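*Asks:* Can you look at this prediction? I've put the sequence above it.
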Amino acid sequence: MSFLKNAGLRALGTAAMAAVALAGCGGSANDKLPLIRATVSIKSVSQQGACESIPVKLVPKELIGKANKYANDKMMVVMVTMAGPTDENGAPMCNGTGETLPMAPGNWEFSAPLASGSSTCLRNIQNDGDLVIALVDGVEGCSTNGNGNGAAAPAEGEAPVDALAPAEGEQPADAADTAPPAG
């Protein structure tokens, strides 16, 4: 009979410990905060006709505000699977898109090794902010529209914006060399 007493006490003790553990799982205010994920889009020149996955490193520079308890607040790497190459204006280009793990809000640095060198940009990640990071080979920084200049994507039927073209009413830097002779 002493065996049953001890087994009964053990079962009671186990049940009590489980109840205490479950009571502690009630959650916190941070559980209700949204999980923030960014979308990383890459456009890079093909290397010898192949398109390989590209690692994008995300480094928190300054965390701002409160985050869901499942949000990452440390350096992480997202592998972006590339497709192609496709012929874009005579250049063989690889394109890919990937999604980050949940991120804590704040300023994050995104960097990736592209064909023309390392592409890096800093973005303030917030739940209601711009969560599309576009890294374009040969263009500094990141944008949301894939053309690398940070401008809004053109409306349907409009010509795309050229980041290197002079603004309306301005002359190119070498206008003296290209302007027709006076008179």
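*Replies:* Now that the structure is in, tell me what you want to look at. On a predicted model such as this, the values are computed, not experimentally measured, just so you know. Residues are numbered from 1 along each chain as shown.
*Asks:* Assign the nearest residue to M75 once chain neighbours are set aside to one of the three secondary structure states.
*Replies:* Residue nearest to M75 in three dimensions, not counting chain neighbours: V59, with 4.9 Å by CB to CB, 6 or more residues apart in numbering. Just so you know, the C-beta spots here come from the backbone N, C-alpha and C atoms, and that holds for glycine as well. At V59 the chain is in strand, as set by DSSP: H, G, I helix; E, B strand; the rest coil.
*Asks:* end to end, how far does stretch 76-95 reach?
*Replies:* 21 Å (CA to CA, to the nearest Å).
*Asks:* my read: the residue nearest to M75 touches M103, true?
*Replies:* No - if you go by CB atoms under 8 Å, V59 and M103 don't touch, sitting 11.1 Å apart.
*Asks:* These two - which one has more neighbours?
*Replies:* For the pair V59 and M103, the greater number of neighbours falls to M103 (23 against 15), based on other CB atoms under 10 Å.
*Asks:* how about the helices of this structure, start to end?
*Replies:* 2-23, 175-178 (DSSP state H).
*Asks:* Lowest average pLDDT across those helices?
*Replies:* Of all the helices of the chain, mean pLDDT reaches its minimum on helix 175-178 (a mean of 42).
*Asks:* Okay, N68 and P102: tell me how far apart.
*Replies:* 7 Å (CB to CB, to the nearest Å).
*Asks:* Identify the contacts common to the two.
*Replies:* Common neighbours of N68 and P102 are listed as L35, I36 (criterion: CB atoms under 8 Å, 6 or more residues apart in numbering).
*Asks:* Q126: how many residues sit nearby?
*Replies:* Neighbours of Q126 (other CB under 10 Å): 14.
*Asks:* Might one say that it is in contact with L33?
*Replies:* No - contact criterion CB under 8 Å: Q126 and L33 do not qualify, at 11.7 Å.
*Asks:* Okay, now the unreliable bits of the protein?
*Replies:* 1-29, 143-183 (pLDDT under 70).
*Asks:* Just the strands from it, written as ranges.
*Replies:* 39-45, 54-63, 76-80, 82-88, 91-99, 106-114, 117-125, 132-136 (DSSP state E).
*Asks:* tell me the most buried of those?
*Replies:* Among those, the stretch with the highest mean neighbour count (mean count of other CB atoms under 10 Å) is strand 132-136, at a mean of 23.
*Asks:* how about that one as PDB, C-alpha atoms only?
*Replies:* C-alpha atoms of strand 132-136 as PDB (Å, rounded to 0.1, in the frame of the first residue of the first chain):
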ATOM      1  CA  VAL A 132       9.500  46.200 -49.000                       C
ATOM      2  CA  ILE A 133      13.300  46.300 -49.400                       C
ATOM      3  CA  ALA A 134      14.500  46.300 -53.000                       C
ATOM      4  CA  LEU A 135      18.200  45.800 -53.600                       C
ATOM      5  CA  VAL A 136      19.200  46.500 -57.200                       C
END
